[in-house]
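> Model the following, please.
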Amino acid sequence: MAHAIRFYETGGADVLRHEAVEVGEPGPGQARVRHTYVAVNFIDIYVRTGRYPAALPSGLGSDAVGVVEAVGEGVTDLQPGDRVGYLLGPQGAYADVRVMPADVLIPLPDGVSDRTASTLMMKGMTAQYLFRQVYPLRGGETILYHAAAGGVGLVACQWARALGVTMIGTVSTDEKAEVARAHGCTHTIVTSREDIATRVRELTDGRGVPVVYDSVGKHTLMASLDSLQPRGTLVSNGTSSGPVQIDTTLLAVKGSLWLTRPAMVHYATPRPQMLAMAQELFDHVLAGRIVGEPRQSYALADAAEAHRALESRKTVGSTVLVP
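Have a look, this model is predicted:
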């Protein structure tokens with residue numbers, strides 16, 4: 001019998017239940033995947049708490065890697081035994097095995113292990129669309145990136161280094177600052193004792209930066225705006241500290257700034273675009289420019305414990321569940 005994490009009401013981590021589930025055969029256009037690793041992302045907390053609505057009862061998670069067990073009618077580019085990962089599709093990745101739409105499954109190349117891929121599907125593809133599509137970086141820029149020691153942040157540190165970008169990263173502790181710098185972050189700002197905007201101006205000779213990538217949200221909004229050059233861009237790609245609310249007049253006052261709130265689905269579809277993004281990521285991995293391994297692992301049944309650790313900011317880098 002397969003098992004999965006489900007929740008019947010929104011709320012704290014204690015709403016998560018580890019339950020036996022029935023998994024059938026894949027239908028037309030589907031594949032059944034047995035997971036080897038399931039990634040834990042902050043967006044999962046948004047779904048669990050109701051910030052992002054889900055029809056209840058619901059599964060949880062959208063990011064995992066595993067092996068194809070069976071394919072349904074019409075699926076021609078996958079076969080049993082193929083190693084795959086995914087980051088889009090319906091909620092329910094927190095499971096031993098599940099049936100998925102085949103068109104969201106990304107084949108994993110030889111040389112990229114399941115364990116590495118489990119840290120890089122959502123997080124690596126997020127870094128790709130932020131750095132290569134939302135505000136395309138070409139090298140030579142100086143940027144501000146919040147939560148530089150997080151799961152996406154450590155990939156972003158490496159991608160920035162590969163592009164020749166000077167990355168200023170915010171972190172909450174000196175220990176996290178050391179980790180971020182080891183992964184390629186040029187300068188770190190420890191937010192518990194340093195003022196973000198003041199330090200950014202110091203590091204840029206008063207100019208500020210052309211772009212800020214801000215996954216924190218409410219608590220860092222003003223610091224992000226105050227760190228930008230005139231006509232700079234704030235990429236608001238997360239709200240871990242709470243939703244962003246802004247009077248757009250402030251954008252004019254602060255220097256005719258741009259604000260965007262991107263979503264992965266609009267950059268990773270249709271399927272050829274998703275596969276091209278994955279190829280660019282895997283090219284960096286295979287060349288050794290980007291490395292990734294989970295820094296925290298929990299059993300699938302302990303998903304609630306993993307959520308508590310992530311919410312309390314006790315984690316560094318990526319967290320995975322092991323079915």
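
> The helix or strand hosting residue 283: which residues count as buried?
Here residue 283 sits within helix 271-286, counting by DSSP states H and E. Residues of helix 271-286 classed as buried under the neighbour-count rule (16 or more other C-beta atoms under 10 Å) are 274, 277, 278, 281, 282, 284, 285. (Glycine included, C-beta is placed from N, CA and C.)

> What helices and strands are in contact with that helix?
On a contact count with 3 or more C-beta pairs under 8 Å, 6 or more residues apart in numbering; DSSP states H and E, helix 271-286 meets strand 106-107, helix 114-129, helix 151-163.

> ok, of the buried residues of helix 271-286, which one's closest to residue 207?
Taking C-beta to C-beta as the measure, residue 207 lies nearest residue 284 of those, at 29.1 Å.

> Just confirm the closest one contacts residue 290, I think it does.
Yes - with contacts counted by C-beta atoms under 8 Å, residue 284 reaches residue 290, the gap being 4.2 Å.

> Show me the common contact partners of these two, please.
With contacts defined as C-beta atoms under 8 Å, 6 or more residues apart in numbering, the residues shared by residue 284 and residue 290 are 158, 159, 162.

> who's in contact with the second one?
When you say that, I think you mean residue 159. With contact set as C-beta under 8 Å, 6+ apart, residue 159 has these partners: 127, 128, 131, 284, 290.

> Let me have these in JSON lines, adding distance to residue 151 and pLDDT as columns.
What follows is the contacts of residue 159, written out as JSON lines (distance: C-beta to C-beta, whole Å; pLDDT from 0 to 100):
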{"residue": "127", "distance to residue 151": "10", "pLDDT": "97"}
{"residue": "128", "distance to residue 151": "14", "pLDDT": "98"}
{"residue": "131", "distance to residue 151": "15", "pLDDT": "98"}
{"residue": "284", "distance to residue 151": "16", "pLDDT": "97"}
{"residue": "290", "distance to residue 151": "13", "pLDDT": "96"}
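
> List buried residues within the residues you listed.
For the contacts of residue 159, buried by 16+ other C-beta under 10 Å: 127, 128, 131, 284, 290.

> any idea how far residue 130 is from the fourth one?
Here residue 284 is placed at a distance of 14 Å from residue 130 (C-beta to C-beta, to the nearest Å).

> Equivalent analysis for residue 69, please.
Residue 69 is 33 Å from residue 130, by C-beta to C-beta.

> higher neighbour count, these two?
Shown here are residue 69 and residue 130; by other C-beta atoms under 10 Å, residue 130 has more neighbours (25 against 17).

> and the more buried one, what does it touch?
Neighbours of residue 130 in contact, by C-beta under 8 Å, 6+ apart: 156, 213, 235, 237, 262.

> which of the residues you listed has the most neighbours?
For the contacts of residue 130, counting by other C-beta under 10 Å, the largest number of neighbours falls to residue 156: 32 neighbours.

> Contacts only, for it.
When contacts are counted by C-beta under 8 Å, 6+ apart, residue 156 touches 127, 130, 131, 145, 148, 167, 213.

> Which stretches in the stretch 151-300 of the chain count as helices?
In the stretch 151-300 of the chain, the segments counted as helices under DSSP state H, counting those that start in this stretch are 151-163, 174-182, 196-203, 221-226, 249-253, 271-286.

> Out of these, which is closest to residue 36?
helix 271-286 (17.1 Å).

> what about the closest one, distance to the chain center?
Put simply, helix 271-286 sits 15 Å off its chain's centre (C-alpha atoms, centre = their mean, to the nearest Å).

> swap in stretch 194-204?
Here the centre of stretch 194-204 is set off from its chain's centre by 26 Å, with C-alpha atoms, centre = their mean.

> and it, C-alpha only, in CSV?
Below are the C-alpha coordinates for stretch 194-204, written out as CSV (Å, rounded to 0.1, in the frame of the first residue of the first chain):
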residue,chain,number,x,y,z
GLU,A,194,23.2,45.4,9.5
ASP,A,195,20.9,47.8,7.6
ILE,A,196,20.3,46.4,4.2
ALA,A,197,19.9,49.5,2.1
THR,A,198,22.8,51.4,3.8
ARG,A,199,25.1,48.5,3.2
VAL,A,200,24.0,48.1,-0.4
ARG,A,201,24.8,51.8,-1.0
GLU,A,202,28.2,51.4,0.6
LEU,A,203,29.0,48.4,-1.6
THR,A,204,27.9,50.2,-4.8
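
> The helices of the stretch 151-300 of the chain into CSV, with extra columns for distance to residue 59?
Listed next are the helices of the stretch 151-300 of the chain as CSV, based on distance: least, C-beta to C-beta, whole Å:
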stretch, distance to residue 59
helix 151-163, 21
helix 174-182, 31
helix 196-203, 37
helix 221-226, 32
helix 249-253, 38
helix 271-286, 21
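
> Out of the ones you listed, which gets nearest to residue 77?
Among the helices of the stretch 151-300 of the chain, helix 271-286 sits nearest to residue 77 (C-beta to C-beta), with 9.8 Å.

> No further queries at this time; thank you.
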